[in-house]
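Novice: fold the following and give me the result.
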Amino acid sequence: MVLPLPCRTSAGFRRPLPPDGCPWHTSDVPSDVRCRGGTVGRTRTPVVAGWFTGEGDDFRLLGTRCAACASVFFPREDGLCRNPACAGGELVEVPLSRRGRVWSYTDGRYRPPAPYVSDPELPWEPRTLIAVELAAERMVVLGQGVEGVSVADLEVGMEVEVVPGVLGEEGDDESGTVWTTWQWRPTGVRA
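Specialist: Alright, predicted model coming up:
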């Protein structure tokens, strides 16, 4: 029996593409694809551990909330409450809102300097950066826009949602690392 070539997504992951699944695969999780020929493993590693959790619709940024003053922090704060008016309290991990409104945006049209790591052999692709106001937490969180979203697609006040994203990949399909992060995706709701 001849097996088909491994399925690939536009990001290069091996996984089934048909909506009802591929008969040759037992999993469609990009980091752990089990085919009849064996397992293709790519380690999915968060760029910063503890800043987000989950996949798909369960993906959330993680912050901390002070039990004394209810201030919320992202990036998370695990030592002391940063609110100068607070005497301090226990800091508890909390998932942040999945949706927010564009507060500001811009694009990065140059390769950032060190310590940012990127392959100088590959052309630099500009990325959209979006500052998103999370009303419930009373904070603004900065992140990349999903691939394909440009500043022309955005306006202040439009609704966006946080989704898992890939910052970069290293190594090969059998033993590589996929560096994961968060990104903002427009929901189509305008201000």
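
Novice: burial of the nearest residue to Glu161 once chain neighbours are set aside, as a residue count?
Specialist: The spatial neighbour of Glu161 that comes closest, neighbours along the chain excluded (CB to CB, 6 or more residues apart in numbering), is Arg99 at 4.7 Å. C-betas here are computed from N, CA, C, even on glycine. By other CB atoms under 10 Å, 15 other residues sit near Arg99.

Novice: ok, Arg99 - contacts?
Specialist: Residues near Arg99 by CB atoms under 8 Å, 6 or more residues apart in numbering: 159-162, 187.

Novice: at 10 Å instead, please
Specialist: By CB atoms under 10 Å, 6 or more residues apart in numbering, the contact set of Arg99 is 132, 134-136, 159-162, 184, 187, 189.

Novice: any idea how far Glu137 is from Leu62?
Specialist: 12 Å (CB to CB, to the nearest Å).

Novice: show me which of these two is the more surrounded one.
Specialist: Using other CB under 10 Å, the more surrounded residue of Glu137 and Leu62 is Glu137, with 20 against 16.

Novice: within the helices and strands, which one has Thr180?
Specialist: Assigned by DSSP states H and E, Thr180 belongs to strand 177-186.

Novice: average pLDDT across that strand?
Specialist: Averaged over strand 177-186, pLDDT sits at 94.

Novice: who does it pair up with?
Specialist: Strand pairing for strand 177-186, determined by DSSP bridges: strand 43-46 (parallel), strand 139-145 (parallel), strand 159-170 (antiparallel).

Novice: many thanks, have a good one.
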